[in-house]
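Trainee: For reference, the sequence and a predicted model appear below.
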Amino acid sequence: QVQLVESGGGLVQAGGSLRLSCAASGRRFSTYAMGWFRQPPGKEREFVAAISGSALSTDYSDSVKGRFTISRDNAKNTVHLQMNSLKPEDTAVYYCAAGSILSTRSGRYNYWGQGTQVTVSS
């Protein structure tokens, strides 16, 4: 069992930056691939970024590639999402998730956090 708690969301102006964190409890954190997903207002949840357990592999959606960076610290059971050059269309509830393999599909992830709101003003 893995419990995930996100933090770091908030209100930021367009062009600004935020760093989201996800703290995981439970053992064997390094065996889980970690993903970030988001759900904009009135829309479905969508993939943002993912990282393998070893951190050797990452994947990003085209909409955030070059602006967002996913990283993890297995010693601290945490995963981060550094978000730069934020745009109003990045406004969403952001969720972290844990799964057995790196995937862009939400169904591949077994554990989810409660989400953190990110609002980007224009």
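Mentor: Great, that's in hand.
Trainee: these two touch, right, A98 and V2?
Mentor: Yes - judged on Cβ atoms under 8 Å, A98 makes contact with V2 at a distance of 4.9 Å. Backbone N, C-alpha and C define where each C-beta goes, glycine included.
Trainee: Would you mind telling me which of the two has more residues around it?
Mentor: More neighbours surround A98 than the other of A98 and V2, with 23 against 19 (other Cβ atoms under 10 Å).
Trainee: what sits against that one?
Mentor: Neighbour list for A98: 2, 4, 24, 32-35, 109-111 [criterion: Cβ atoms under 8 Å, 6 or more residues apart in numbering].
Trainee: okay, those residues in TSV with secondary structure, pLDDT and distance to A50 next?
Mentor: Shown next, in TSV, are the contacts of A98 (DSSP: H, G, I helix; E, B strand; the rest coil; pLDDT from 0 to 100; distance: Cβ to Cβ, whole Å):
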residue	secondary structure	pLDDT	distance to A50
V2	coil	93	15
L4	strand	97	14
A24	strand	97	15
Y32	coil	97	11
A33	strand	98	6
M34	strand	98	7
G35	strand	98	4
Y109	strand	98	9
N110	strand	96	14
Y111	strand	97	14
